[in-house]
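*Asks:* Here is a sequence with its predicted model. Questions after.
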Amino acid sequence: MDEITSWLAENAPSTMIKQIGAAPALYDQDVRCFLEDQGGNLMILSEDALFIKTMRTGVLRTLQIKRDCVQPFRDIDTALRGIRSRALAKGAMLIMADRILAGKPTLDFVRAVKQQHPQLKIIILTYETTKEALSLLFELGVDHVITKPVSIDTLIEKMAGAIKPRSKLSQLVQDARYHLDLGEFDTVFKVCELILSMKQESPIAFMLRGEAFMRNGKTAEAIGELEKAHQSAPLYLEPLKKLADAHREGDQDQFLTYMLRLDSISPLNVERKSEIGKCYARKQEPDKAKTFFDKAIAGAQEEAKRYLCSLISDMANALLESSPELSEQYYSQYFEVKGNDLSKDDIVIFNSRGMAMRKQGKWREALENYETALKIDPEDLRLLYNYALAYADGEQHKKAVDLYEKILANDPEFHRQAAVVGYNIANSFYHVKDIKAAKKYVKAALAIDPGHAASIKLQARLG
């Protein structure tokens, strides 16, 4: 087990490491107790209607919770007001937030919650993320990260891990932090001794002792303990941050050393890069200052670009039905902003722009659009399906059928997604005179929706 995983096992046990020996019923019991006995609420900052529905119907039904204790929010300001209001009423709450909201990372939301309510637990929801992004999230104080889609059992397990840590070590850490906040430093030292008796060289115990010394005005002793924590777990960010703070107004070389180590572990922190640049400027090293200032600007521009792309795609989606021409223009503007920085995450935009083109009868342009997207992800079945539809629009049904056969070879149930999917496949087979296949797929379409008008007409033509 490496240092960072070792620390996570101690400080956030269910984030990356599956807990062993705890029965699912115990997780259910912990979450049920939080929601019913403590009157707890699940505060969710998300645009994902399906996830919110899963929480309301799947999780609450599984736990047999009769009241609606899910409070969803779609924007950060409203969510912060709701959290503040419940905190003032001393209501128990667990916070879940999408990592990306309206195309923009929710880092400011996490910072605000942890600054205003440091005791609250935050679970971040994401479809995918990088090691660097995870480092920044944990640096800001996130308790757990859940990758969607997620099963209800796993979701309940993660919630239970945030509400009530099960390992003895985690409970002791929680106790030490409680007494630290109360200023009961002697008790903190006693609890840390217990932690060290269970795990020698425990970085979290050294860090807690360092914090106790620091708050007690014993800076030299604090730095010694924080150095021990850093040596014990070089990838653990908190000791490094506190060591940097301890030298911020003093030894600039030491301050810079710790800031550079932090930057190497968690390189997405734009504010820290700017601070490193300022430190080099104070040291009369303008070239190094410029390097970090430029990196900070590039990081901020990347965040701004993601936000701008999200705004543009929302506008394009809003116009897709009423004005495909304008919708296409906005989708094209999206790709202008993205430039060459395209990935599989952009496939959905390619599909939508192709749809806008097809609605205008521009099937050739749609083909070119899909061909560009297929260079990014040649195996995306939804993309291949839309590519086939564009060929069908141009009456090139043989090419459409070739694509449908490739799709169905990879997913034999693909045509059962909706009646219109089965119909479109059947229609192309009909045009290439493969009546047997056409009958098969139109029958499947009518099984999904017996009143599907286009399928009824095609079935009549097939006899």
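*Replies:* That came through fine.
*Asks:* how close does the closest residue to F73 other than its chain neighbours get to A162?
*Replies:* What sits nearest to F73 in space, not counting adjacent residues and going by CB to CB, 6 or more residues apart in numbering, is A79, at 3.7 Å. Every residue, glycine included, has its C-beta placed from N, CA and C. Noted for A79: a distance of 17 Å to A162, by CB to CB, to the nearest Å.
*Asks:* same question, D345
*Replies:* For D345, the distance to A162 - CB to CB - is 28 Å.
*Asks:* quick one: which of these two has more around it?
*Replies:* Legend: neighbour count by other CB atoms under 10 Å for D345 and A162, higher for A162 (22 against 13).
*Asks:* As PDB, could you dump the C-alpha coordinates of stretch 109-127?
*Replies:* This file holds the C-alpha atoms of stretch 109-127, laid out as PDB (Å, rounded to 0.1, in the frame of the first residue of the first chain):
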ATOM      1  CA  PHE A 109     -18.800  25.600  -3.700                       C
ATOM      2  CA  VAL A 110     -16.600  23.000  -1.900                       C
ATOM      3  CA  ARG A 111     -14.300  25.800  -0.600                       C
ATOM      4  CA  ALA A 112     -17.300  27.800   0.700                       C
ATOM      5  CA  VAL A 113     -18.900  24.900   2.500                       C
ATOM      6  CA  LYS A 114     -15.600  23.800   4.200                       C
ATOM      7  CA  GLN A 115     -14.800  27.400   5.200                       C
ATOM      8  CA  GLN A 116     -18.300  28.100   6.600                       C
ATOM      9  CA  HIS A 117     -19.200  24.600   7.900                       C
ATOM     10  CA  PRO A 118     -15.900  22.600   8.300                       C
ATOM     11  CA  GLN A 119     -17.700  19.800  10.100                       C
ATOM     12  CA  LEU A 120     -20.000  18.900   7.200                       C
ATOM     13  CA  LYS A 121     -19.300  16.000   5.000                       C
ATOM     14  CA  ILE A 122     -19.100  16.400   1.300                       C
ATOM     15  CA  ILE A 123     -19.400  13.600  -1.400                       C
ATOM     16  CA  ILE A 124     -18.500  14.600  -4.900                       C
ATOM     17  CA  LEU A 125     -20.200  12.900  -7.900                       C
ATOM     18  CA  THR A 126     -18.400  12.500 -11.100                       C
ATOM     19  CA  TYR A 127     -18.400  10.500 -14.300                       C
END
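*Asks:* and for that stretch, what are the contacting residues?
*Replies:* With contacts defined as CB atoms under 8 Å, 6 or more residues apart in numbering, stretch 109-127 is touched by 45-46, 48, 51, 76, 79-80, 83-84, 87, 93-101, 106, 137, 140-148, 158-159, 162-163.
*Asks:* Can you pull the domain assignment for the chain?
*Replies:* Listed by automatic domain parsing, the domain ranges of the chain are 20-163, 167-258.
*Asks:* Do you have the strands of the chain handy? List them.
*Replies:* All strands of the chain, identified by DSSP state E, fall at 41-45, 70-73, 93-98, 100-101, 104-105, 122-126, 144-147.
*Asks:* looking at those strands, which has the lowest confidence?
*Replies:* Per-stretch mean pLDDT for the strands of the chain is lowest at strand 104-105 (a mean of 78).
*Asks:* which helices and strands sit right next to it?
*Replies:* helix 286-319 (3 or more CB pairs under 8 Å, 6 or more residues apart in numbering; DSSP states H and E).
*Asks:* mind listing what's buried in the helix it packs on?
*Replies:* 289, 292-293, 295-296, 299, 306-310, 312-313, 315-317, 319 (16 or more other CB atoms under 10 Å).
*Asks:* pLDDT averaged over that helix - what is it?
*Replies:* Averaging pLDDT residue by residue across helix 286-319 gives 87.
*Asks:* Equivalent analysis for stretch 413-428, please.
*Replies:* Stretch 413-428 comes out at a mean pLDDT of 93.
*Asks:* related to what we said a few turns ago, got the strands of the chain as CSV, with distance to K283 and mean neighbour count columns?
*Replies:* Shown next, in CSV, are those (distance: least, CB to CB, whole Å; neighbours: other CB atoms under 10 Å):
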stretch, distance to K283, mean neighbour count
strand 41-45, 41, 24
strand 70-73, 44, 20
strand 93-98, 38, 22
strand 100-101, 37, 20
strand 104-105, 31, 18
strand 122-126, 36, 22
strand 144-147, 37, 19
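*Asks:* Throw the ones you listed into TSV and include distance to R364, thanks.
*Replies:* Compiled in TSV, those are given as follows (distance: least, CB to CB, whole Å):
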stretch	distance to R364
strand 41-45	43
strand 70-73	43
strand 93-98	38
strand 100-101	34
strand 104-105	36
strand 122-126	38
strand 144-147	39
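*Asks:* Next one: the closest residue to I65 other than its chain neighbours from L268, what distance?
*Replies:* Spatial nearest neighbour of I65, chain neighbours left out: L35 (5.3 Å); criterion: CB to CB, 6+ apart. To L268, L35 is 34 Å away according to CB to CB.
*Asks:* Comparing the two, which residue is more hemmed in?
*Replies:* The residue with more neighbours, out of L35 and L268, is L35; 24 against 20, by other CB under 10 Å.
*Asks:* give me every residue that touches the more buried one.
*Replies:* Counted by CB under 8 Å, 6+ apart, L35 has contacts N41, L42, L63, I65, C69.
*Asks:* can you rerun that using 10 Å?
*Replies:* Contact analysis of L35 by CB atoms under 10 Å, 6 or more residues apart in numbering lists 41-42, 59-60, 63, 65-67, 69-70, 92, 94, 159, 163.
*Asks:* List the beta-bridge partners for the residue nearest the centre of the chain.
*Replies:* The centroid of the chain falls nearest to T126 when counting by CA atoms, centre = their mean (1.9 Å). Counting by DSSP bridges, T126 is bridged to T147.
*Asks:* measure it to T372 for me?
*Replies:* 27 Å.
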